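Trainee: quick check, what structure comes out for this input:
(one chain, ligands or ions: 1)
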Amino acid sequence: MQTKVTHLVTGGAGFIGSNLVATLLARADARVVVLDSLTYAGNLDNLEGLPGDRFRFVHGDICDAPLVRRLYAEEKPDVVFNLAAESHVDRSIDGPRAFVETNVRGTFELLEAARAHLKDGGSERFRFVHVSTDEVFGSLGASGFFTERTAYQPSSPYSATKAAADHLARGPTTTRSVCRPS
Ligand SMILES: NC(=O)c1ccc[n+]([C@@H]2O[C@H](COP(=O)([O-])OP(=O)(O)OC[C@H]3O[C@@H](n4cnc5c(N)ncnc54)[C@H](O)[C@@H]3O)[C@@H](O)[C@H]2O)c1
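Mentor: Numbers count the residues shown, from 1 in each chain. Predicted structure coming up:
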C-alpha cells in the first residue's frame with residue numbers, strides 16, 4: 001500500500017489554491033485538507049469533483065488558533081501550504097484591518113501550531129510552505145527583475161502585511177524550528 005502524503009492547504013477555495021489542490025490530488029498518494037473561511041474570494045465550486053476519499057474541506061479561519069491546532073493534531077500534515085490571504089491591493093487601501101488579521105496574525109497562528117505539531121512528534125518530513133508575492137519588493141519600471149535578495153519595499157497594506165508574514169516565516173523563532181532544511 002502506498003504511504004499517503006497529507007497536505008494542509010489554507011485558502012484552497014481561492015484562485016491559486018484551488019488549482020494547487022487539483023494538482024496535488026492528481027498524485028494517487030496525496031491527501032489534501034483545505035482550510036478556508038470562504039470570504040468573497042473563496043468559492044466551493046472551485047473544489048467540485050475532487051476524490052472524496054482523499055479530500056476534506058474545513059470551513060474555518062486561519063486566525064482561529066484552537067481550530068488550527070486541532071487540525072494539525074487530527075490530520076498530522078506532512079506539508080502545510082499557506083495561501084489563505086486577503087489578496088487585493090485596492091481593498092487593502094480602503095480597509096487594511098482584515099489584511100493585518102489574516103495575512104499577519106493568521107500566518108503567525110499557523111506557524112505557532114506547526115511548532116507545537118513538531119514538538120508533539122510531527123512527521124520528520126514536515127514542511128511549511130508560505131506563499132508570498134513579488135509585491136513585497138515594490139514596483140518595477142518598464143524593465144528589470146526582482147530576486148530573493150532584493151530589498152523589501154512594500155507599497156500598500158497588502159504588500160506590507162505579506163512582507164510581515166514572510167519575516168515571521170523566515171524568523172529565528174519560527175523558521176529554524178518549523179522549516180527543517182532539505
Ligand atoms: N493572484 C495573484 O496574482 C498572486 C500573485 C502573487 C502572490 N499571490 C498570493 O497567492 C496566494 C493565493 O492568492 P489567490 O489569488 O489565490 O487569492 P484569492 O483571494 O483568490 O484566495 C484567497 C483564499 O483565502 C481564503 N481566506 C481569506 N482569508 C482567510 C482566513 N482568514 N482564513 C482562511 N481562509 C481565508 C479566501 O476565502 C480565498 O479562498 C495569496 O497568499 C496571495 O497573496 C497571489
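
Trainee: so what does the closest residue to the ligand within the chain have for phi and psi?
Mentor: Proximity to the ligand, evaluated over the chain using C-beta to the nearest ligand atom, is greatest for residue 14 at 2.1 Å. (Each C-beta comes from the backbone N, C-alpha and C, glycine too.) Backbone torsions for residue 14, taken as degrees, to the nearest 10, come to phi -90, psi -170.

Trainee: give me every residue that touches it.
Mentor: Contacts for residue 14 (C-beta atoms under 8 Å, 6 or more residues apart in numbering) come out as 36, 41-43, 46, 83-84, 87.

Trainee: from those, which are also near the ligand?
Mentor: 36, 41-42, 83-84, 87 (C-beta under 6 Å from any ligand atom).

Trainee: most neighbours, which of those residues?
Mentor: residue 84 (29 neighbours; other C-beta atoms under 10 Å).

Trainee: pull the contacting residues for that one.
Mentor: Residues in contact with residue 84 (C-beta under 8 Å, 6+ apart) are 10-11, 14, 17, 35-37, 62, 102, 106.

Trainee: can you lay out those residues as TSV showing pLDDT?
Mentor: Below are those laid out as TSV (pLDDT from 0 to 100):
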residue	pLDDT
10	98
11	98
14	98
17	98
35	98
36	98
37	98
62	98
102	98
106	98
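
Trainee: in helices only, show me these.
Mentor: residue 17 (DSSP state H).

Trainee: for the chain, which spans come out with low pLDDT?
Mentor: 1-3, 172-182 (pLDDT under 70).

Trainee: one step back: adding secondary structure, write the contacts of residue 14 out as TSV.
Mentor: Listed next are the contacts of residue 14 as TSV, based on DSSP: H, G, I helix; E, B strand; the rest coil:
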residue	secondary structure
36	strand
41	coil
42	coil
43	coil
46	helix
83	coil
84	coil
87	coil
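
Trainee: can you lay out these as CSV showing distance to residue 113?
Mentor: Putting the contacts of residue 14 into CSV (distance: C-beta to C-beta, whole Å) gives the following:
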residue, distance to residue 113
36, 16
41, 23
42, 21
43, 26
46, 25
83, 16
84, 13
87, 22
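
Trainee: what's the closest of those residues to residue 117?
Mentor: residue 84 (17.4 Å; C-beta to C-beta).

Trainee: element containing residue 31?
Mentor: Assigned by DSSP states H and E, residue 31 belongs to strand 30-36.

Trainee: paired strands for that strand, with orientation please.
Mentor: strand 5-10 (parallel), strand 55-59 (parallel) (DSSP bridges).

Trainee: please work out which of those strands is packed deepest.
Mentor: Burial of those is given as mean neighbour count (mean count of other C-beta atoms under 10 Å); strand 5-10 ranks first at a mean of 23.
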